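S.K.: Structure here, sequence nowhere to be found:
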């Protein structure tokens, strides 16, 4: 991928209003944008590169429903 294409892709991910999570072949999280941070309450540095997508989903699903409603956060 050319550096211009990579720059456009990174800009798209960073500026997107949609939560974007990218995983590598081993399931490690390699991209976690700001919209995903707002949706989950987890910052990128909390999930990258030490957690897999499965671990993060498990954490989100273990949150008490009351906390999710209280903070008006979607499940994923």
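M.R.: Sure, I can see it. Quantities reported herein were computed from a predicted structural model and do not represent experimental measurements.
S.K.: who's in contact with the most centrally placed residue in the chain?
M.R.: The residue lying closest to the centre of the chain (Cα atoms, centre = their mean) is residue 32, at 3.6 Å. Residue 32 makes contact with 20, 21, 42, 44, 47, 48 under the criterion Cβ atoms under 8 Å, 6 or more residues apart in numbering. C-beta: built from backbone N, CA, C; applies to glycine.
S.K.: Inside helices: which ones of those?
M.R.: Residues of these located in helices (DSSP state H): 44, 47.
S.K.: thinking again about what came up before, let me know the pLDDT of the residue nearest to the centre of the chain.
M.R.: Residue 32 is assigned 91 on the pLDDT scale.
S.K.: Check the one 5 residues further on too.
M.R.: What the model reports as pLDDT for residue 37 is 91.
S.K.: same deal with residue 16?
M.R.: You'll see residue 16 listed with a pLDDT of 93.
S.K.: Dihedrals phi and psi, it?
M.R.: The phi and psi torsions at residue 16 (degrees, to the nearest 10) take the values phi -60, psi 140.
S.K.: ok, it - how many residues close by?
M.R.: As a burial measure, residue 16 scores 13 neighbours (other Cβ atoms under 10 Å).
S.K.: was I right about it contacting residue 38?
M.R.: No. Residue 16 sits out of contact with residue 38 when judged by Cβ atoms under 8 Å, with a separation of 11.5 Å.
S.K.: would you turn the contacts of residue 32 into JSON lines with neighbour count?
M.R.: Compiled in JSON lines, the contacts of residue 32 are given as follows (neighbours: other Cβ atoms under 10 Å):
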{"residue": "20", "neighbour count": "15"}
{"residue": "21", "neighbour count": "20"}
{"residue": "42", "neighbour count": "17"}
{"residue": "44", "neighbour count": "15"}
{"residue": "47", "neighbour count": "21"}
{"residue": "48", "neighbour count": "16"}
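S.K.: can you put the contacts of residue 32 in TSV and add distance to residue 59?
M.R.: Shown next, in TSV, are those (distance: Cβ to Cβ, whole Å):
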residue	distance to residue 59
20	18
21	13
42	8
44	14
47	9
48	14
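S.K.: Pick the one among the contacts of residue 32 closest to residue 27.
M.R.: Ranking those by separation from residue 27, with Cβ to Cβ as the measure, puts residue 21 on top at 11.0 Å.
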